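1. fold the following for me, if possible:
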Amino acid sequence: MTSEVNSEQAEWWNAAGEGWANAQQVVDLVLRPFEELLAQKALERPRDRVLDVGCGTGAVTRAIADALGDGPECVGLDISRTMIAGAAQRGKVRFVLGDAQVHTFDETFDLVVSRFGVMFFDDPAAAFRNLLRATTPGGELCFITWRSAEENTFMTTAQRASAPFLADTPPPDPSGPGPFSLADADRTRELFEQSGWSGIVIEPVDRVCTMPEELLVPYLSNLGPISRALKAAQEADRPRIISEVRGAFDEFVHGDEVRIPAACWQITGQAL
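-> Residues are numbered from 1 along each chain as shown. The predicted model follows:
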């Protein structure tokens with residue numbers, strides 16, 4: 001059972017989810033280092049049931065299920081109807097449409113994970129309390145979130161390159177829902193501790209994510225601010241926009257490979 005209070009985020013992700021579903025393979029390729037990190041976390045001890053929050057099209061959910069083998073159940077939860085529809089339903093992997101901030105869980109989990117899926121809550125403290133209620137005593141959380149915008153230059157390049165074509169877009173609120181809302185480690189630790197989680201540890205994780213150069217334009221065209229600029233433009237203007245923004249990413253292209261430095265936090269904690 002679920003209700004929805006994150007209505008703006010639900011609307012946004014239902015619209016953006018189409019691009020994510022279209023670019024599913026390249027997104028999963030780029031973010032694979034974090035998929036592997038969370039799968040390794042799941043293997044640290046025996047598990048009965050794992051929850052993947054903000055699961056998108058389900059890559060992490062499936063990777064953990066594959067790592068754990070037969071027995072444990074893995075559940076993916078996402079607010080986007082579009083992305084849940086794109087998540088393959090197979091075996092012991094189950095996907096649920098819901099807002100983690102208010103979703104009423106019918107079961108409890110001994111591990112709650114997320115790969116960049118917990119930075120978009122209207123009320124993050126309420127969301128983390130709700131996830132705590134869904135966690136068995138002694139259960140764990142392991143979330144991967146972005147550090148600052150300044151440390152993630154690929155993402156800020158996308159914002160800067162798209163800005164001339166999105167003149168009416170207001171600047172993001174750094175304290176509101178968004179990719180960098182948990183960048184401040186002290187504030188983030190306080191949020192989790194106020195929500196009732198114990199033993200919070202926030203550690204920096206740095207990876208270089210890669211994709212073939214030939215996939216860069218499809219990636220940019222389907223995701224983030226550049227995709228929004230293309231949708232807003234006249235069809236005749238889109239090739240020019242793609243050409244202009246593509247040049248902004250030259251520093252990340254090394255031969256036939258795109259290398260994306262990713263500066264993240266790994267947040268872990270326990271439910272008592």
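
2. how about the strands in the stretch 151-272 of the chain?
-> 198-212, 253-254, 257-270 (DSSP state E, counting those that start in this stretch).

3. any idea which of those gets closest to Ile226?
-> strand 257-270 (14.3 Å; Cβ to Cβ). For the C-beta atoms, the positions are set from N, CA and C on the backbone; glycine is no exception.

4. just the C-alpha atoms of that closest one, please, in PDB.
-> Output in PDB follows, covering the C-alpha atoms of strand 257-270 (Å, rounded to 0.1, in the frame of the first residue of the first chain):
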ATOM      1  CA  GLU A 257      36.300   6.100 -24.300                       C
ATOM      2  CA  VAL A 258      34.400   8.600 -22.100                       C
ATOM      3  CA  ARG A 259      35.700   8.800 -18.500                       C
ATOM      4  CA  ILE A 260      33.500  10.300 -15.900                       C
ATOM      5  CA  PRO A 261      35.000  11.000 -12.400                       C
ATOM      6  CA  ALA A 262      32.300  10.300  -9.900                       C
ATOM      7  CA  ALA A 263      32.700  11.700  -6.400                       C
ATOM      8  CA  CYS A 264      30.300  10.100  -4.000                       C
ATOM      9  CA  TRP A 265      29.400   9.200  -0.400                       C
ATOM     10  CA  GLN A 266      28.800   5.700   0.900                       C
ATOM     11  CA  ILE A 267      26.400   6.000   3.800                       C
ATOM     12  CA  THR A 268      26.000   3.000   6.100                       C
ATOM     13  CA  GLY A 269      24.100   2.500   9.300                       C
ATOM     14  CA  GLN A 270      22.100   0.100  11.500                       C
END
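
5. walk me through which strands it pairs with, and which way each runs.
-> Counting by DSSP bridges, the strands paired with strand 257-270 are strand 135-146 (antiparallel), strand 198-212 (antiparallel), strand 253-254 (antiparallel).

6. what's the neighbour count on Asp48?
-> Residues near Asp48, counting by other Cβ atoms under 10 Å, number 15.

7. please apply the same query to Asp206.
-> 11.

8. burial measure for the nearest residue to it once chain neighbours are set aside, as a count.
-> Leaving out its chain neighbours, the residue that sits closest to Asp206 by Cβ to Cβ, 6 or more residues apart in numbering is Ala263, at 5.7 Å. The number of residues packed near Ala263 is 18, by other Cβ under 10 Å.
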